[in-house]
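A.B. asks: Sequence first, then the predicted structure:
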Amino acid sequence: MASGSHSLRSWREPSAPSKWQSTAVVQPQESASTPVASKSLDRKYEFFQDVEVTPEGVAIIRFDGPKKVNSISFALSKEARKMWENDIAKNAAVKAVVFSSGKPDMFIAGADIYDLKAVENKQDLVGLIEEGMDFFQSMKDRKVPLVCAIDGPALGGGLEWAMWCDYRVASDSPKTKLGLPEMKLGLLPGFGGTQNIHQLVGLQNAMDMMLTGKDVRPDKAKKMGLVDLVVAPQSVEAVAIQSAIDLATGKLKPKRKPKSLFNRLLEDTPVGRKLMWNRIDGMLQKTTNGNYPAPYAIVQCVQYGLDNPSNKYKNEREQFAKLAATPESEALIGIFDGMTQMKKHSFGKDAANPVNTVAVMGAGLMGAGIAQVSAEKGLTVLLKDRNNEAIGRGQSYMKDNWDKKLKRKRMTKFNHNIATSNVIGLTDENPATNKHFSQADLVIEAVFEDLDLKRKIVADVESVTQDHCIFATNTSAIPIADIAQGAKRPENIIGMHYFSPVPSMPLLEIIPHTGTSDSTKATAFEVGSKQGKTCIVVKDVPGFYVNRCLGPFLVEVSAVVRDGVKLEALDKALKNFGMPVGPVTLADEVGIDVTSHVAGFLSNADLGVRMEGGDISLMEKMVGKGWLGKKSGQGFYTYNKKKKTISPEVEAYVKEFVKRDLGLKEKEIQDRIVSRFVNEAAKCLEDEIIENPVVGDIGLVFGTGFAPFRGGPFRYLDQVGVANYVDMMNGFADKYGAQFEPCQLLKDYAATNKKFHN
């Protein structure tokens, strides 16, 4: 990893980073200080503005709930029924209805999961959803045109509401996106979504949207048939009203996009559907490994609805209630809830300093990645390295990533140009470098893991920057206090540990030392959040949190190899546990040199017996052979284009390392490796390296890919039972050694049957 911190990459599959950060599925939790709309004295409803009826007979219903965003809740559903009965149902003057929003850039962000969590018996959801469905049916029974004016997100229940309408007008605002992301919470669209969407966009598009949970932008939504018109944001409501008038008078007829001959054969014939379902089943097996029930329930709902149209909605809500009761849904909702909590810090509302210019020291993969996520968010970036060649490589890395975004329509040409222009390349020889650095508000170093080098950079930076400038180090292991030693402004020094590859990995560890000011902490946190990262604050200890947990894990990987487990079997075991890739593949992808460095550093740190039981020289000797992993074409696996194999030479090398063959079963392989991981996470909580179990779960799910459907190490412990886990680890300690002894916190929780999450 050139010019970068030694950060262990996640097991996460390529599509997974966006899985948790790109889509606001539901109403975020808000603090008491969050400004919200209040029900005025002359307003009839809490969640809606008063209904307005135009002279032409168009009733305009504007969502405008008391919180920052609109969301579908049980309270809103109840009030909607009351509002419809009072103002629409028996009002002969109403010839059409337009649903809009009283909030700018906000239609409906989804359903309120806190409603869902409050229902103790999930079977009660069947009746609650049925009440909502009865309301939608009453809308249709009014026999007047229903039109949606969508400006801003229409996600989950918001899109389901829109699909009950006859016509949809969307704005071309960059904030407008449509999607059904319930699968990300282990759920399915429960208000008719699984049945209504394929009638608009076809089965293939519908399944793609529901099984990936991805957003659709307005232009694509129109091509698919999901919306009927796309207009400017300032026109969306007016055009929707005119469309409603034209629908009521018969001047306008909704046009459904005709299917191509190929799609008719694939979607509307028994043979074609069989081929399509087989393909989808194969895709689900590959992407979920059978660990996530929601995608399979979505498929069941669509298939059942096609065969049993009279009971399709009843089946859908029953399947929704079943999913809501699963541990997988509980875990995924817990992750989402944790993400929401991590959006706030406790360092003071106005503690952060404004940051406009960020200097990044080192243009390798880490530095260029940090520069990219900063420039994309409108920050001016000073990218500095030794020479123009190094700067050129960093800029090429960013350009390649932005070109891919442009090609995939995830970035406009305008934004591509703006981001590119935000980056200023600088070298030691450039006479303007010091002048540029004098304008920096934050400097992030991403150079090699060398304490003396980092201290020199601190001194150099302090000599040319202003007093308010913060110095952040991207070290993955060196204590921040050691780097700050001798600094002029130690209160401005902090750790910002990114994970590779930076543009796609969602986690950022914020590591203050004991002398770091609250202003520095708040500023680092807010910059990280602006970069699109989920930030966790952790204690200044060797390895911090994520890499500290990976240390015992890596040692145990070497231990099970020494005990005769084949490399392929090791990878398969951890993938079956729920990790996106196995530990052997992980080491290759991160780099054998990087993995070996982290393991070696932690072996000499303060973990004691918890880093024993294995032999990390397995990787040290590979580095000496030049087997650095995927980047060199040879690691544990040999990489030949897209294929990877284990060569006879590697097989022979690993065979020499094996001391005995215990014939370990897959379950014991999983438990031995994962327990070392989980125990260290619990030890970090015990030692106050992390603040609470939520931080611990988010850190390992986002930083290492710890099986998301298990919710993180602490929710996993709750599900299997802490007492059971302690008994298992004690058994391993008797069998294999003291490295398996559970930490005191686990013993205490086991003795009192306590859970980490209530």
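C.D. replies: Received, thanks.
A.B. asks: Wasn't residue 417 part of a strand?
C.D. replies: No - with DSSP: H, G, I helix; E, B strand; the rest coil as the criterion, residue 417 is helix rather than part of a strand.
A.B. asks: Just the pLDDT for it.
C.D. replies: Looking at residue 417, its pLDDT reads 96.
A.B. asks: Can you report how many residues lie near it?
C.D. replies: A count of nearby residues for residue 417, using other CB atoms under 10 Å, gives 11. (Each C-beta comes from the backbone N, C-alpha and C, glycine too.)
A.B. asks: So which residues make contact with the helix or strand that contains residue 728?
C.D. replies: Using DSSP states H and E, residue 728 maps to helix 722-736. Outside helix 722-736, the residues that touch it by CB atoms under 8 Å, 6 or more residues apart in numbering are 559, 613, 671-672, 675, 678-679, 717, 739-742, 746-747, 749-751, 753-756.
A.B. asks: so after it, what's the next helix or strand?
C.D. replies: Using DSSP H and E, the helix or strand that follows helix 722-736 in sequence is helix 744-752.
A.B. asks: avg pLDDT for that next one?
C.D. replies: 97.
A.B. asks: Could you do stretch 619-629 as well?
C.D. replies: The average pLDDT for stretch 619-629 rounds to 92.
A.B. asks: Just the buried positions in it, please.
C.D. replies: 619, 622-623, 627-629 (16 or more other CB atoms under 10 Å).
A.B. asks: quick one: residue 154 and residue 163 touch, right?
C.D. replies: No - applying CB atoms under 8 Å as the test, residue 154 and residue 163 come out as separate, 9.4 Å apart.
A.B. asks: what about the residue nearest to residue 252 when sequence neighbours are not counted, how many neighbours?
C.D. replies: Excluding its sequence neighbours, the residue lying closest to residue 252 (CB to CB, 6 or more residues apart in numbering) is residue 246, at 3.5 Å. Using other CB under 10 Å, the number of residues around residue 246 comes to 16.
A.B. asks: Look up which helix or strand residue 246 falls in, please.
C.D. replies: If you go by DSSP H and E, residue 246 is part of helix 236-249.
A.B. asks: Give me the contact list for that helix.
C.D. replies: 54, 56-58, 60, 95-98, 100, 144-145, 147-151, 166-167, 169-171, 228-229, 231, 251-254.
A.B. asks: ok, now stretch 625-642?
C.D. replies: Counting by CB under 8 Å, 6+ apart, 567, 584-585, 587-593, 595, 622, 644-647, 650, 653-654 sit against stretch 625-642.
A.B. asks: Tell me which of the residues you listed fall in helices.
C.D. replies: 567, 584-585, 587-590, 592-593, 595, 622, 650, 653-654 (DSSP state H).
A.B. asks: And the helices in the stretch 401-550 of the chain, which stretches?
C.D. replies: Listed in chain order, the helices found in the stretch 401-550 of the chain under DSSP state H, counting those that start in this stretch are 413-421, 433-437, 451-464, 480-484, 518-530, 546-562.
A.B. asks: Next, format those as a markdown table and append distance to residue 239.
C.D. replies: Shown next, in a markdown table, are these (distance: least, CB to CB, whole Å):
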| stretch | distance to residue 239 |
| --- | --- |
| helix 413-421 | 25 |
| helix 433-437 | 48 |
| helix 451-464 | 54 |
| helix 480-484 | 55 |
| helix 518-530 | 34 |
| helix 546-562 | 49 |
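A.B. asks: Name the stretch among those helices that sits most buried.
C.D. replies: Burial of these is given as mean neighbour count (mean count of other CB atoms under 10 Å); helix 546-562 ranks first at a mean of 25.
A.B. asks: for the record, mean pLDDT for it?
C.D. replies: Averaged over helix 546-562, pLDDT sits at 94.
A.B. asks: swap in stretch 704-717?
C.D. replies: Averaging pLDDT along stretch 704-717 gives 95.
A.B. asks: OK, contacts around the residue nearest to residue 553 when sequence neighbours are not counted?
C.D. replies: Closest residue to residue 553 apart from its sequence neighbours, by CB to CB, 6+ apart: residue 677 at 4.4 Å. By CB under 8 Å, 6+ apart, the residues touching residue 677 are 549-550, 552-553, 700, 706, 713.
A.B. asks: Kindly report the same for residue 91.
C.D. replies: Per CB under 8 Å, 6+ apart, neighbours of residue 91: 53, 59.
A.B. asks: Equivalent analysis for residue 191, please.
C.D. replies: Shown in contact with residue 191 (CB under 8 Å, 6+ apart): 72, 129, 132-133, 136, 157, 160-161.
A.B. asks: how about those in CSV, adding secondary structure, distance to residue 453 and neighbour count?
C.D. replies: Output for the contacts of residue 191, formatted as CSV (DSSP: H, G, I helix; E, B strand; the rest coil; distance: CB to CB, whole Å; neighbours: other CB atoms under 10 Å):
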residue, secondary structure, distance to residue 453, neighbour count
72, strand, 54, 26
129, helix, 60, 22
132, helix, 61, 24
133, helix, 64, 19
136, helix, 64, 21
157, helix, 53, 28
160, helix, 55, 26
161, helix, 57, 26
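A.B. asks: returning to what we had before: what two of the contacts of residue 677 have the greatest distance between them?
C.D. replies: Using CB to CB, those reach their maximum pairwise distance at 552 and 706, which is 14.0 Å.
A.B. asks: Could you count how many residues lie near the nearest residue to residue 701 once chain neighbours are set aside?
C.D. replies: Counting by CB to CB, 6+ apart, the nearest residue to residue 701 once its immediate chain neighbours are dropped is residue 712, at 5.0 Å. Neighbours of residue 712 under the rule other CB under 10 Å: 29.
A.B. asks: thought residue 712 was touching residue 702?
C.D. replies: No - with contact defined as CB under 8 Å, residue 712 does not count as touching residue 702 (9.2 Å).
A.B. asks: circling back: of residue 154 and residue 163, who's got more company?
C.D. replies: residue 154 (33 against 24).
A.B. asks: what about stretch 51-69, start to end distance?
C.D. replies: 19 Å (CA to CA, to the nearest Å).
A.B. asks: Give the rounded mean pLDDT of it.
C.D. replies: Stretch 51-69 shows a mean pLDDT of 96.
A.B. asks: cool, stretch 153-165 as well?
C.D. replies: Average pLDDT, stretch 153-165: 97.
A.B. asks: Need the contact partners of that stretch.
C.D. replies: Outside stretch 153-165, the residues within contact range by CB under 8 Å, 6+ apart are 23-26, 70-72, 99, 106-111, 136, 139-140, 146-148, 150, 168, 170, 175-182, 189, 191-193, 196-197, 200, 215.
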